[in-house]
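**Student:** sequence and predicted structure are below.
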Amino acid sequence: MTYLLDTNGLVALVIPQHEHHERAHRFFARRPFAVTPLTQLALLQILSRPRRVQQQILPPLHTPAEALRLTRLVSH
């Protein structure tokens, strides 16, 4: 069976600082998964846009090029 990842699962899998990163990594390391183009787009947006934490605006997690590379990596 192939698991279809939603955006939350994909973010947890890709971002090491995510609270469920280790759990997602363990689960999907042993199981086949797929992502949709919409989920890929959401991941690109989350990785490459500035973040807001409370009142503070932080830089993006990755450059657009690096975000695209990570998205392609988990999509194949």
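**Tutor:** Happy to help now that I have it.

**Student:** what's the local residue count around the closest residue to Ile46 other than its chain neighbours?
**Tutor:** Spatial nearest neighbour of Ile46, excluding adjacent residues (C-beta to C-beta, 6 or more residues apart in numbering): Val11 at 5.8 Å. Yep, even glycine has a C-beta here, placed from its N, CA and C like the rest. Neighbour count for Val11, taken as other C-beta atoms under 10 Å: 19.

**Student:** can I assume Val11 is in contact with His18?
**Tutor:** Yes. The pair Val11 / His18 is scored as a contact, 6.1 Å apart, by C-beta atoms under 8 Å.

**Student:** helix or strand: which one has the residue nearest to the spatial centre of the chain?
**Tutor:** For the chain, the residue sitting closest to the mean C-alpha position, by C-alpha atoms, centre = their mean, is Val11 at 2.9 Å. Element membership of Val11 [criterion: DSSP states H and E] is helix 7-14.

**Student:** now the helices for this protein?
**Tutor:** 7-14, 21-29, 37-48, 64-75 (DSSP state H).

**Student:** would JSON lines of these with distance to Leu58 and mean pLDDT be doable?
**Tutor:** Below are the helices of the chain laid out as JSON lines (distance: least, C-beta to C-beta, whole Å; pLDDT from 0 to 100):
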{"stretch": "helix 7-14", "distance to Leu58": "16", "mean pLDDT": "93"}
{"stretch": "helix 21-29", "distance to Leu58": "18", "mean pLDDT": "93"}
{"stretch": "helix 37-48", "distance to Leu58": "13", "mean pLDDT": "94"}
{"stretch": "helix 64-75", "distance to Leu58": "15", "mean pLDDT": "89"}
